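1. build the 3D model from these lines:
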Amino acid sequence: MGQRSARVAAQGPTPKTSSETLTSQGTWTPTFGVQGLDVSGHQTSVDWQQQWNMGARFAYVKASEGNYFTNDLFSSQYQGARNVGMIRGAYHFAIPNWSSGADQARYFVQNGGGWSADGYTMPPVLDFEFNPYEGRTINGFYFGNTCYNMSPGQLSSWVQDFGNTVRAMTGRLPVIYTNTSWWNQCLGNPAGFGDYPLWIAAYPSSPTNNAGPVPSGSWGTYSIWQYSSTGPFAGDSNVWNGDYSSLQRFALAGDNIEAAFNQEYQASKSWLGNPWGPIACGLVNNGCYQIYQGGTIQWSPATGAHAIREGAIRGTYQRSGSENGLLGYPVVGPEICGLKGGGCYQMFQGGAIIWSAGTGAQISAAGPIRDRYAAMGFENGVLGYPTSGQVCGYAASGCVQTFQGGDIYSSPASGAFAVSAGAIRANFQRLGSENGQTGYPVSNEVCGLKNGGCYQFFQGGSMIWSSATGAHFSPFGSIRYVWATQNFENGWLGYPYTDEYCNAYSECRQDFQGGSLIWTPTTGVSVYRW
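-> The predicted structure follows:
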């Protein structure tokens with residue numbers, strides 16, 4: 001890699017000569033894992049499509065060295081790998097006696113060494129190896145011996161300083177690229193680095209799947225093996241120690257994904273049962289999933305891992321398009337039960353699925369209707385459980401959802417309000433609901449009027465009810481205006497006991513408990529007492 005000394009990979013199953021010339025290199029690849037490559041400014045022209053066609057599926061590109069050098073070709077190499085579909089990342093060549101680990105980490109991240117959970121960016125890499133400038137003084141700076149004239153403790157602290165800074169800036173600990181013999185010689189094979197993925201450099205003298213020993217103080221195995229510097233791939237040739245799905249997971253969040261799945265599984269294994277396959281990635285928004293006997297666990301960078309139990313809620317989720325639908329990924333799991341009447345629910349990015357024995361599993365999608373449902377106490381309020389999902393495409397871009405105790409109507413102009421089951425709702429429906437003269441509701445039903453009456457406002461007026469008169473509509477206009485001047489139901493007219501109705505002669509009328517109001521175009525409103 002990068003400014004690699006000829007000795008960087010001298011340790012393998014059989015150490016090779018310093019010339020790094022082996023007849024086997026360039027003619028073979030390990031028979032397991034996923035192939036990849038790493039390049040630097042030394043590879044001035046890389047045919048990325050050719051590398052892809054040869055089987056490479058990931059690449060690392062040198063971004064920086066010390067705090068004084070950046071790769072002029074970094075952007076073109078980094079994007080070139082991505083353009084053909086490779087998962088790619090950046091690496092930094094450390095000169096630990098030049099400046100602090102934190103200083104070089106900042107320099108690295110600021111010059112291409114960042115990371116994001118997009119599914120195609122590998123975590124940053126710290127290239128920590130033999131001193132390529134051993135024994136040299138350059139521009140007045142003495143670079144020291146092969147261990148940079150630093151003690152094992154100093155080198156270990158430097159790596160931790162670099163790693164902690166990279167994690168603080170990117171959210172990921174870097175991969176450590178090293179050679180077992182140098183790491184053991186210069187750092188003393190310390191413990192405490194097991195959280196850092198390991199990229200081991202070891203060039204065998206003949207084809208083999210054995211990368212040789214790894215630094216046993218911190219690691220039991222490696223994530224990536226650099227097995228050749230002379231081909232078959234451009235730059236250095238590498239293999240990922242796993243399948244392509246695990247490589248995708250590594251790019252997304254590394255061991256964090258496995259840990260998240262395992263934590264959720266441990267909490268739910270009594271009903272999840274055994275897995276029916278491995279963790280698989282490649283879902284929308286870089287998600288992963290695993291199928292079990294009793295359901296699934298789904299994970300995304302934004303939501304973490306949550307279980308979905310086999311049953312009515314999962315069935316509704318699947319019919320809605322699962323993570324590709326309006327609900328997205330689960331944000332709570334598994335389902336939570338113990339609601340009113342034995343109901344259950346599960347939360348998702350785009351809302352909730354709520355179930356009861358009487359209504360089945362219905363989607364309560366995030367938005368104005370769900371907000372109104374929440375304000376009315378969810379299933380504990382007058383509406384009870386939903387009996388349908390939200391349906392849109394109504395007049396004026398409206399949507400409706402039905403519940404045990406009524407409906408919630410929503411439109412951009414009116415907002416979202418409930419029409420509770422009862423006489424007002426029945427008259428609203430008789431008059432054509434949102435398509436009739438009432439339009440959409442612009443308030444919920446309000447009670448506590450004279451003699452226990454109730455009313456509800458709509459775009460076109462109000463619906464008013466009393467036990468003596470029933471529910472009738474009072475549209476905005478001249479008749480309603482005169483009724484208002486007489487103090488509505490509190491005045492001598494009392495409650496209406498008909499809707500406003502008109503005849504062929506353009507005469508309109510509404511009857512009340514105490515009289516009638518009649519309107520004509522020529523006379524306006526006339527008042528008649530009984």
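
2. so the residue nearest to Gly350 when sequence neighbours are not counted is in which element?
-> Of all residues not flanking Gly350 in the chain, Leu327 sits nearest, at 4.3 Å (C-beta to C-beta, 6 or more residues apart in numbering). The way it works is simple: take the backbone N, C-alpha and C, and place the C-beta from them, glycine included. Leu327 belongs to no helix or strand when assigned by DSSP states H and E.

3. show me the contacts for Leu327.
-> Shown here is Leu327, whose contacts under the criterion C-beta atoms under 8 Å, 6 or more residues apart in numbering are 317, 320-321, 348-351, 353, 363, 365.

4. any idea how far Arg172 is from it?
-> In this structure, Leu327 and Arg172 are 29 Å apart, going by C-beta to C-beta, to the nearest Å.

5. in the stretch 301-450 of the chain, which spans are strands?
-> In the stretch 301-450 of the chain, the strands defined using DSSP state E, counting those that start in this stretch lie at 304-309, 336-337, 344-348, 351-356, 360-365, 391-394, 398-403, 406-411, 415-420, 446-447.

6. now do the stretch 1-150 of the chain
-> Read by DSSP E, counting those that start in this stretch, the stretch 1-150 of the chain holds these strands, from start to end of the chain: 34-39, 58-65, 69-70, 87-93, 125-127, 137-138, 141-142.

7. so what touches the second one?
-> Outside strand 58-65, the residues within contact range by C-beta under 8 Å, 6+ apart are 1-3, 34, 36-41, 48, 51, 70-71, 74, 77-78, 81, 86-95, 104, 107-108, 111-113, 122, 125, 127, 238, 240, 247.

8. same thing with the fifth one?
-> Identification of contacts with strand 125-127 by C-beta under 8 Å, 6+ apart yields 1-2, 4, 60, 62, 89-94, 159, 162-163, 166, 174-177, 199.

9. what's across from the residue lying closest to Ile479 once chain neighbours are set aside in the sheet?
-> Leaving out its chain neighbours, the residue that sits closest to Ile479 by C-beta to C-beta, 6+ apart is Leu517, at 4.7 Å. Residues in a beta bridge with Leu517, per DSSP bridges, are Gln510, Val527.

10. shouldn't Tyr385 be in contact with Tyr345?
-> No - the pair Tyr385 / Tyr345 is not scored as a contact, 9.7 Å apart, by C-beta atoms under 8 Å.

11. what touches both of those two?
-> 354-355.

12. ok, back up a step: now do the phi/psi pair for the residue nearest to Gly350.
-> phi -80, psi -30 (degrees, to the nearest 10).

13. what of Gly453?
-> Given degrees, to the nearest 10, the pair of backbone angles that Gly453 has is phi -70, psi 170.

14. was I right to think it contacts Val446?
-> No - with contact taken as C-beta under 8 Å, Gly453 and Val446 are classed as non-touching, separated by 9.7 Å.

15. show me where the chain has helices.
-> Secondary structure of the chain (DSSP state H): helices at 48-53, 74-83, 101-110, 152-170, 180-187, 244-252, 255-272, 312-319, 368-375, 423-430, 478-485.

16. just the C-alpha atoms of the first one, please, in PDB.
-> Right, the one you point to is helix 48-53. In PDB, the C-alpha atoms belonging to helix 48-53 read as follows (Å, rounded to 0.1, in the frame of the first residue of the first chain):
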ATOM      1  CA  TRP A  48     -11.700   0.100 -13.400                       C
ATOM      2  CA  GLN A  49     -14.100  -1.700 -15.700                       C
ATOM      3  CA  GLN A  50     -11.300  -4.200 -16.400                       C
ATOM      4  CA  GLN A  51     -10.800  -4.700 -12.700                       C
ATOM      5  CA  TRP A  52     -14.500  -5.300 -12.200                       C
ATOM      6  CA  ASN A  53     -14.600  -7.800 -15.100                       C
END
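
17. do you know how far Ala413 is from Leu252?
-> 43 Å.

18. show me what contacts the nearest residue to Gly470 once chain neighbours are set aside?
-> Distances taken as C-beta to C-beta, 6+ apart put Ala423 closest to Gly470, at 5.8 Å, once the chain neighbours are dropped. For Ala423, the contact set (C-beta under 8 Å, 6+ apart) comprises 465, 470-471.

19. try 10 Å
-> Taking C-beta atoms under 10 Å, 6 or more residues apart in numbering, we find Ala423 in contact with 445, 454, 463, 465-467, 469-472.

20. between those residues, which is closest to Asn149?
-> Glu445 (82.4 Å; C-beta to C-beta).

21. Ala413 and Leu252: who's more crowded?
-> Just comparing Ala413 and Leu252: by other C-beta atoms under 10 Å the higher neighbour count belongs to Leu252, 25 against 11.

22. and the more buried one, what's its pLDDT?
-> In the predicted model, Leu252 carries a pLDDT score of 87.

23. quick one: the spatially most central residue of the chain from Asn285, how far?
-> The central residue of the chain, meaning the one whose C-alpha is nearest the mean C-alpha position (C-alpha atoms, centre = their mean), is Ala302 at 3.1 Å. In this structure, Ala302 and Asn285 are separated by 7 Å, where distance is defined by C-beta to C-beta.
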